[in-house]
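>>> My questions are about this predicted structure, shown below with the sequence.
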Amino acid sequence: MDIEQGNFRKAPGYISPDTQTTNRDGSLREQGWHNLRQAVRPLRVICRYRDKPVTVALPDTVDTCVFGSRRITCE
């Protein structure tokens, strides 16, 4: 929890993907996060790679992230 000018503000910390696609076998193919500039910072996303969670901290300038094919691409 952050204290900012006497007010309490709680950052979400982690955010779930807003888009997701799977392969025919049901395994995860791609996850995406969009419109992130509006999110409270600091912000981290949790990507699933081979069913293991991988946490990625995002810089303030990032608005979109897509995780797929073993890499994350942010703009």
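Looks like it came in fine.
>>> How much space separates L58 from D51?
Plainly put, L58 is 22 Å away from D51 if you go by C-beta to C-beta, to the nearest Å. In this view, the C-beta of every residue, glycine as well, is placed from N, C-alpha and C.
>>> and what of C74?
As defined by C-beta to C-beta, C74 lies at a distance of 22 Å from D51.
>>> Would you mind telling me which of those two has the busier surroundings?
Neighbour count, other C-beta atoms under 10 Å: between C74 and D51, C74 has more, with 16 against 7.
>>> Please, which helix or strand holds C47?
strand 43-49 (DSSP states H and E).
>>> Let's see the helix or strand just after that strand as CSV, backbone CA atoms only.
Sequence order places strand 52-58 as the next helix or strand after strand 43-49, per DSSP H and E. Written as CSV, here are the backbone C-alpha positions of strand 52-58 (Å, rounded to 0.1, in the frame of the first residue of the first chain):
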residue,chain,number,x,y,z
LYS,A,52,4.5,-22.0,-14.8
PRO,A,53,3.8,-18.4,-13.8
VAL,A,54,6.4,-15.9,-15.0
THR,A,55,6.1,-12.4,-13.5
VAL,A,56,7.1,-9.4,-15.6
ALA,A,57,7.3,-5.8,-14.2
LEU,A,58,6.1,-3.2,-16.8
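>>> Which neighbouring elements make contact with strand 52-58?
Here strand 52-58 touches strand 43-49, strand 65-68, going by 3 or more C-beta pairs under 8 Å, 6 or more residues apart in numbering; DSSP states H and E.
>>> ok so, going back, so which bits of the strand holding C47 are buried?
For strand 43-49, burial by neighbour count (16 or more other C-beta atoms under 10 Å) applies to 43, 45, 47.
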